[in-house]
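Trainee: Return a 3D structure for these sequence lines:
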Amino acid sequence: MALKTTAIALACAAAILAGGAALAADPAPTPAPTTPGGKAVVARQAHYRELNAAFRAINDELKKDMPDKAAIAANAGKMKALAADLPGWFPKGSGPEAGQPTRAKAEIWTDAEGFATVASGLQAETAKLEQVALAGDMDALKAQARATGAACGACHSKYRGPETH
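Mentor: Numbers count the residues shown, from 1 in each chain. Model (predicted):
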């Protein structure tokens with residue numbers, strides 16, 4: 001009985017130590033932004049999470065034997081709407097100088113014409129994605145999802161920096 005109690009106590013102690021080590025390894029949370037640029041960074045990141053979630057949902061559906069066409073169309077519509085707003089997610093002062101962690105590179109602002117071109121490309125591809133999704137042709141939809149992903153990548157390769165954690 002004493003051996004069993006000792007083993008349980010050791011297991012609990014190990015779990016507590018492991019949890020404490022994990023908590024100690026987590027960096028302190030970034031304080032809530034107070035500047036317009038910092039608030040824009042946080043909002044932009046939330047919008048990108050929405051865009052990514054919608055695209056992931058589409059791709060997850062496309063992997064299924066019986067994809068939910070309505071879910072795909074709804075998420076394609078979300079992507080189109082978000083892409084239309086994307087250029088406004090980068091106001092001046094919302095880069096690294098905003099004091100918030102961001103992967104946005106300075107080229108977004110120094111090469112505004114180039115950034116506008118890739119943003120326009122994403123807008124065009126998400127509009128096509130929505131059209132194809134509404135038509136319901138799964139083969140065409142898979143091809144358009146790849147084209148939309150390439151449009152995302154065109155921006156990432158030049159205007160998004162590496163993860164910092």
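
Trainee: element containing the residue nearest the centre of the chain, please.
Mentor: When C-alpha atoms, centre = their mean is applied to the chain, the residue found nearest the centroid is Arg49 (3.7 Å). Secondary structure from DSSP states H and E places Arg49 in helix 36-62.

Trainee: Would you map the helices across the chain?
Mentor: Here the chain has its helices, by DSSP state H, at 2-25, 36-62, 69-85, 107-110, 112-135, 138-159.

Trainee: Could you dump the ones you listed into a markdown table and include mean pLDDT?
Mentor: A markdown table is the format used below for the helices of the chain (pLDDT from 0 to 100):
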| stretch | mean pLDDT |
| --- | --- |
| helix 2-25 | 43 |
| helix 36-62 | 96 |
| helix 69-85 | 98 |
| helix 107-110 | 95 |
| helix 112-135 | 97 |
| helix 138-159 | 95 |
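
Trainee: Could you save those as a markdown table and add columns showing distance to Gly93?
Mentor: All C-beta spots, glycine's among them, are computed from the backbone N, C-alpha and C. Shown next, in a markdown table, are the helices of the chain (distance: least, C-beta to C-beta, whole Å):
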| stretch | distance to Gly93 |
| --- | --- |
| helix 2-25 | 32 |
| helix 36-62 | 4 |
| helix 69-85 | 18 |
| helix 107-110 | 9 |
| helix 112-135 | 14 |
| helix 138-159 | 17 |
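
Trainee: I'd like to know which of those is closest to Gln100.
Mentor: helix 36-62 (4.0 Å; C-beta to C-beta).

Trainee: Pull out the buried positions in the closest one.
Mentor: 37-42, 44-45, 47, 51, 54-55, 57-59, 61 (16 or more other C-beta atoms under 10 Å).

Trainee: Right, I'll leave it there.
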